[in-house]
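Participant: Here is my input, please return the structure:
(one chain, ligands or ions: 1)
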Amino acid sequence: MSEPFGRRLRAQMERRGPLCVGIDPSPALLSAWGLDDSPAGLERFTHTVAEAVGDLAAAVKPQSAFYERWGSRGVAVLERVIPALREAGTLVILDAKRGDIDTTMAAYAEAYLEQGSPMAADALTVSPYLGFGSLAGTLAVARGNDAGVFVLARTSNPEASALQSAVADQILDGVAEANEGAGGLGSVGVVVGATLDKVGHPLDRLGGPILSPGLGAQGASPADVARLFAGVRRSVLPSVSRAVLADPGRVRPLVERYRDECAERLRD
Ligand SMILES: O=C(O)c1cc(=O)[nH]c(=O)n1[C@@H]1O[C@H](COP(=O)(O)O)[C@@H](O)[C@H]1O
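Facilitator: So this is what the prediction gives:
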């Protein structure tokens, strides 16, 4: 590993355009592809998406839950696809949304961010609702491995608003502090859903990337993302899953379309 995650992400977004492609092999999508809801179906779906976008998307975000459904056989699929995606030149953000006390979080960080671990990704989504300080060990492991962390701040689901808006400032301050002195885009990001009407908290001092899921199936468009993040657009990595995954033959062209529109809208 050569460079901190934030700088690698900045380079990827400039080279490939600002789009993260989620791999969410739900039973409904496996069925739409004519695949069995089984580890073999999961593997076929996953590798088809990886081949379609590994050389195209700035980042790819496998949703761990759809693999964990199958226990060790599903996790084995994840263990195979993460290195394959990284080999293809994309950054892997593992979406596992881990959150626990500090020592347990450090163990999750070793599982997902320690280079050499079977599931080592470039970045991990984490939950700060045990207190921002509970992430200290995770941030340390990430830093030591040039990996990234995306901390939930304002998620895309409507039921999150009351809880998260009460503590979002603490989380954003913690992230800003963790990115101090990064020099370029920091490696500690936040998750802010593209579906929000407004963020309601300042994002201009974060210093790190903003992962923004909610494009497509949850109703947001690239124009919504541009409106929501006016002033910080160059730090935004929109993420799309179902809207590009419905048909195996159309994954690549749909990703190209979203990527081009996001690049156009988030130019500045
Ligand atoms: O962390 C995430 O990626 C995430 C955060 C959030 O606020 N909302 C959200 O939908 N996600 C994830 O992003 C993906 C959204 O999928 P689509 O709605 O199909 O694009 C799912 O894997 C969600 O778990």
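Participant: Name the residues of the stretch 101-250 of the chain found near the ligand, please.
Facilitator: Residues of the stretch 101-250 of the chain lying close to the ligand (CB under 6 Å from any ligand atom) are 125, 155-156, 191, 193, 213-214, 216-218, 239-242. C-beta: built from backbone N, CA, C; applies to glycine.
Participant: got those as a markdown table, with pLDDT and neighbour count columns?
Facilitator: As requested, those are exported to a markdown table (pLDDT from 0 to 100; neighbours: other CB atoms under 10 Å):
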| residue | pLDDT | neighbour count |
| --- | --- | --- |
| 125 | 98 | 25 |
| 155 | 98 | 20 |
| 156 | 98 | 19 |
| 191 | 98 | 24 |
| 193 | 98 | 26 |
| 213 | 98 | 26 |
| 214 | 98 | 25 |
| 216 | 97 | 22 |
| 217 | 97 | 16 |
| 218 | 98 | 17 |
| 239 | 98 | 27 |
| 240 | 98 | 28 |
| 241 | 98 | 25 |
| 242 | 98 | 16 |
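Participant: Is it possible to get the residues you listed out as JSON lines so that each row also shows secondary structure?
Facilitator: Output for these, formatted as JSON lines (DSSP: H, G, I helix; E, B strand; the rest coil):
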{"residue": "125", "secondary structure": "strand"}
{"residue": "155", "secondary structure": "coil"}
{"residue": "156", "secondary structure": "coil"}
{"residue": "191", "secondary structure": "strand"}
{"residue": "193", "secondary structure": "coil"}
{"residue": "213", "secondary structure": "strand"}
{"residue": "214", "secondary structure": "coil"}
{"residue": "216", "secondary structure": "coil"}
{"residue": "217", "secondary structure": "coil"}
{"residue": "218", "secondary structure": "coil"}
{"residue": "239", "secondary structure": "strand"}
{"residue": "240", "secondary structure": "strand"}
{"residue": "241", "secondary structure": "coil"}
{"residue": "242", "secondary structure": "helix"}
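Participant: Next one: the residue in the chain sticking out farthest from the centre from residue 48, what distance?
Facilitator: Seen from the C-alpha centroid of the chain, the residue lying at the greatest distance (CA atoms, centre = their mean) is residue 34, 27.1 Å away. According to CB to CB, to the nearest Å, residue 34 and residue 48 sit 12 Å apart.
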